[in-house]
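S.K.: Return atomic coordinates for the entry below.
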Amino acid sequence: MYCWGKPQFFGVRAAAANIGHGKGTYTAEQFQEDFPQFFKEDGQPLLPASMVGEILNMANAAVQPDKWGAGWRYAVGLYTAHYVTLYLRSYAPSNETPQQAAASGALVGMVKSATLGDASVSYDTSAITAGTEDWGDLNSTTYGQMFANRAKLIGLAGMVVI
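M.R.: As a prediction, this is how the structure comes out:
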């Protein structure tokens with residue numbers, strides 16, 4: 001019997017599918033302890049603290065503790081490190097021209113070929129993205145690739161959808 005309109009069945013499908021709604025509590029202090037490479041010797045982050053906070057909020061919402069279990073802290077740290085790395089790739093304290101500001105967001109992959117006369121460079125990322133082609137920007141950093149590969153393992157457990 002098809003029962004979508006009956007309130008007593010709302011949420012049953014999501015519960016049966018094991019789709020969580022928990023939010024993590026990963027902090028900047030934990031991130032600094034786990035990934036000190038993103039902080040100066042005095043403990044200040046290499047990017048604006050407000051951006052660290054935004055990325056941590058995003059990570060805590062996206063990487064749910066009830067799905068990751070004991071591996072949650074490492075996973076949320078990888079997720080955070082991935083987005084901090086992407087931010088830092090585009091970071092510049094200031095730019096002289098709009099072109100410089102726009103260039104800071106350019107995509108870069110592995111060099112496929114290069115020529116010197118008239119300076120031509122082409123990039124190929126297929127070697128580093130094999131197996132996680134559909135994982136979007138997670139392929140663009142080592143942290144993201146490690147996170148995606150671990151997420152694939154977490155996702156191997158089946159889901160039941162009514």
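
S.K.: Neighbours of residue 27, how many?
M.R.: Per other C-beta atoms under 10 Å, the neighbour tally for residue 27 reads 12. In this view, the C-beta of every residue, glycine as well, is placed from N, C-alpha and C.

S.K.: wait, what's in contact with the spatially closest residue to it that is not a sequence neighbour?
M.R.: Taking C-beta to C-beta, 6 or more residues apart in numbering, and ignoring the residues beside it in sequence, residue 27 has residue 56 as its nearest neighbour in space, at 7.1 Å. Taking C-beta atoms under 8 Å, 6 or more residues apart in numbering as the definition of contact, the neighbours of residue 56 are 26, 27, 28, 31, 80.

S.K.: Among the residues you listed, which are located in helices?
M.R.: Among those, the members found in helices (DSSP state H) are 28, 31, 80.

S.K.: Make sure the residue nearest to residue 27 is indeed in a helix.
M.R.: Yes: Residue 56 sits within a helix when classified using DSSP: H, G, I helix; E, B strand; the rest coil.

S.K.: Would you mind measuring from it to residue 137?
M.R.: Note on residue 56: its distance to residue 137, by C-beta to C-beta, to the nearest Å, is 18 Å.

S.K.: Show me where this protein has its helices.
M.R.: Counting by DSSP H, the helices of the chain are 12-16, 28-34, 49-62, 65-68, 72-90, 98-103, 126-129, 142-154.

S.K.: Minimum distance to residue 43: which of the ones you listed has it?
M.R.: Judged by C-beta to C-beta, the one of those that comes nearest to residue 43 is helix 28-34, at 6.8 Å.

S.K.: one step back: closest to residue 148 out of the contacts of residue 56?
M.R.: Nearest to residue 148 out of the contacts of residue 56 is residue 80 (C-beta to C-beta; 14.4 Å).

S.K.: mind listing what that closest one touches?
M.R.: Here residue 80 is in contact with 26, 31, 35, 55, 56, 59 (C-beta under 8 Å, 6+ apart).

S.K.: If we ignore the residues flanking it in sequence, what's nearest it?
M.R.: Counting by C-beta to C-beta, 6+ apart, the nearest residue to residue 80 once its immediate chain neighbours are dropped is residue 59, at 4.6 Å.
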